[in-house]
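In: quick one: sequence plus predicted model below, questions after.
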Amino acid sequence: MKQVKLLQGVIPVIMTPFTEDQEINEGALRRFVRRFLDAGAHGLFGLG
């Protein structure tokens, strides 16, 4: 039988920031990720 692992902890949704030219704003995305992880998030759920 297959063992099922449950997700636990805080896993916030993080939206992808874009520039005015519709390019991914990598700097803003890095700041979002770092802020959530520094605040204690256990994972991130990426949403476009």
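Out: Thanks, I have it. As the structure is a prediction and not an experimental result, all values here were calculated from the model.
In: next, the residue nearest to the spatial centre of the chain: phi, psi?
Out: Centroid-nearest residue in the chain, with CA atoms, centre = their mean: L44, separated by 3.4 Å. Torsion angles at L44 (phi, psi; degrees, to the nearest 10) stand at phi -130, psi 140.
In: what's near enough to touch it?
Out: L44 is in contact with I11, P12, I14, V33, F36, L37, counting by CB atoms under 8 Å, 6 or more residues apart in numbering. (C-beta placed from N, C-alpha, C; glycine too.)
In: okay, G43: pLDDT?
Out: We have a pLDDT of 93 for G43.
In: which residues touch it?
Out: Neighbour list for G43: L7, G9, I11 [criterion: CB under 8 Å, 6+ apart].
In: separation between it and Q8?
Out: 10 Å (CB to CB, to the nearest Å).
In: list residues touching both of the two?
Out: Common neighbours of G43 and Q8, using CB under 8 Å, 6+ apart, do not exist here.
In: coming back round to it: and the residue nearest to the centre of the chain, how far from K2?
Out: L44 is 26 Å from K2, by CB to CB.
In: one more: Q22?
Out: Counting by CB to CB, the gap from Q22 to K2 is 42 Å.
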